[in-house]
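Peer 1: Sequence first, then the predicted structure:
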Amino acid sequence: MLWFFLSIMTALAVAVRDVSVKALFSDQTPLEIAALELFWALPVLALCCFFVPVPELDRTFWWTFFISLPLNSVAYVMYMYSIRISPISLTVPFLAFTPVFMVLTGFLFLGETVTLWGGLGTLLIVVGSYVLNLDKAKDGYLKPITALLYEKGSWLMFIVAFLFSFAAVLGKLAMLHSSPLFFTFFFFLVFNATLLLGMLMFGVIKVDLFRRCRKKGMWLGGLLVTHVSCHGLAIALATAVYMIAIKRSSILFSVILSWIILKEGGIKNRGLGVLCMFGGVVLITVYG
């Protein structure tokens, strides 16, 4: 059951990080928050890479690796913007659409198909996204849907879910042509360094940021390393679909923590919507 504990730890690390960004970084821009997280995670990622055996790497690994870098970079920055500008309970749940989009990307890249249970899971996620804004239904049945269009963070996270559906499939392909632990640590080492260099070169961030926000940056960096490490170890120990299903419980933890710590409202409808969406994720990843 070690894989289950590691998967829960992954989910908790993601949820705590999301709430931390909202609660502790009101004075920083989304790109500054990203830079702090990436910078303070780098030393530990480099150390982990030193201890992980390097497998034989073929052409498939390298093309999936290099396509994954810009894809994840765009998704990562949009993710940061999303949780900074809108309530967590109206943004993070839309990550549940990733497995819905993976129905298509999984078929295109890996030849994976979906069962009846997968279709039911997709329906649950769509219903859950409607329930998130159910309080708007008193103004018309279409209001919960149109409300999402005006909540910028929600539709940004919807796009992130779409991008992650490609990134997840490419990452799985890269793992099949290397190893879960090597890809996890090596990819994030290169990803962090590349994104940081880009932000410094274009003058988006200043070097003194890392000194000024050292403690908060180390906290975020530690959460990222916990997320990456537990993810890599869990997926190496268990069937990937089961691990991912447990990891997606982060959407539940995020909404609960945002309600307790950030005092976000509408917990009744949003909580019910999140439960529907999480149920859909489990059906797709485990049975679909």
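Peer 2: Okay, I see it. Numbers count the residues shown, from 1 in each chain.
Peer 1: contacts, neighbours, all on C-alpha from now
Peer 2: Noted.
Peer 1: Residue 127: how many residues sit nearby?
Peer 2: 16 (other C-alpha atoms under 10 Å).
Peer 1: so which strand or helix has it?
Peer 2: helix 116-131 (DSSP states H and E).
Peer 1: Determine the longest helix present in the chain.
Peer 2: The longest helix of the chain (DSSP state H) is helix 59-85.
Peer 1: show me where pLDDT drops low in the stretch 1-150 of the chain?
Peer 2: For the stretch 1-150 of the chain, residues meeting the criterion pLDDT under 70 lie at 103, 105-107, 109-114, 118, 122, 126, 129-149.
Peer 1: same thing but 80
Peer 2: 1, 26, 89-90, 93-94, 96-150 (pLDDT under 80).
Peer 1: Now do the same contact list for the nearest residue to residue 76 once chain neighbours are set aside.
Peer 2: Leaving aside its chain neighbours, residue 76 sits nearest to residue 160 (7.8 Å; criterion: C-alpha to C-alpha, 6 or more residues apart in numbering). With contact set as C-alpha atoms under 8 Å, 6 or more residues apart in numbering, residue 160 has these partners: 75, 76, 78, 79, 95.
Peer 1: Phi and psi next, for residue 160.
Peer 2: For residue 160, the backbone dihedrals (degrees, to the nearest 10) come out as phi -60, psi -40.
Peer 1: Find me the pLDDT at the closest residue to residue 206 other than its chain neighbours, would you?
Peer 2: Distances taken as C-alpha to C-alpha, 6+ apart place residue 200 nearest to residue 206, at 6.8 Å, with adjacent residues excluded. Residue 200 carries a pLDDT score of 90 in this model.
Peer 1: what helices or strands is the longest helix of the chain leaning on?
Peer 2: helix 2-24, helix 30-51, helix 152-176, helix 180-201 (3 or more C-alpha pairs under 8 Å, 6 or more residues apart in numbering; DSSP states H and E).
Peer 1: Out of those, which is closest to residue 262?
Peer 2: helix 2-24 (7.0 Å; C-alpha to C-alpha).
Peer 1: my guess is residue 163 meets residue 71, correct?
Peer 2: Yes. Between residue 163 and residue 71 there is a contact under C-alpha atoms under 8 Å: 6.8 Å.
Peer 1: What are the neighbouring residues in contact with residue 91?
Peer 2: Residue 91 neighbours (C-alpha under 8 Å, 6+ apart): 82, 83, 153, 154, 155, 157.
Peer 1: again, 7 Å this time
Peer 2: 82, 83, 153, 154, 157 (C-alpha atoms under 7 Å, 6 or more residues apart in numbering).
Peer 1: Can you get me a residue count around the closest residue to residue 80 other than its chain neighbours?
Peer 2: Leaving out its chain neighbours, the residue that sits closest to residue 80 by C-alpha to C-alpha, 6+ apart is residue 30, at 5.5 Å. Counted by other C-alpha under 10 Å, the residues lying close to residue 30 total 20.
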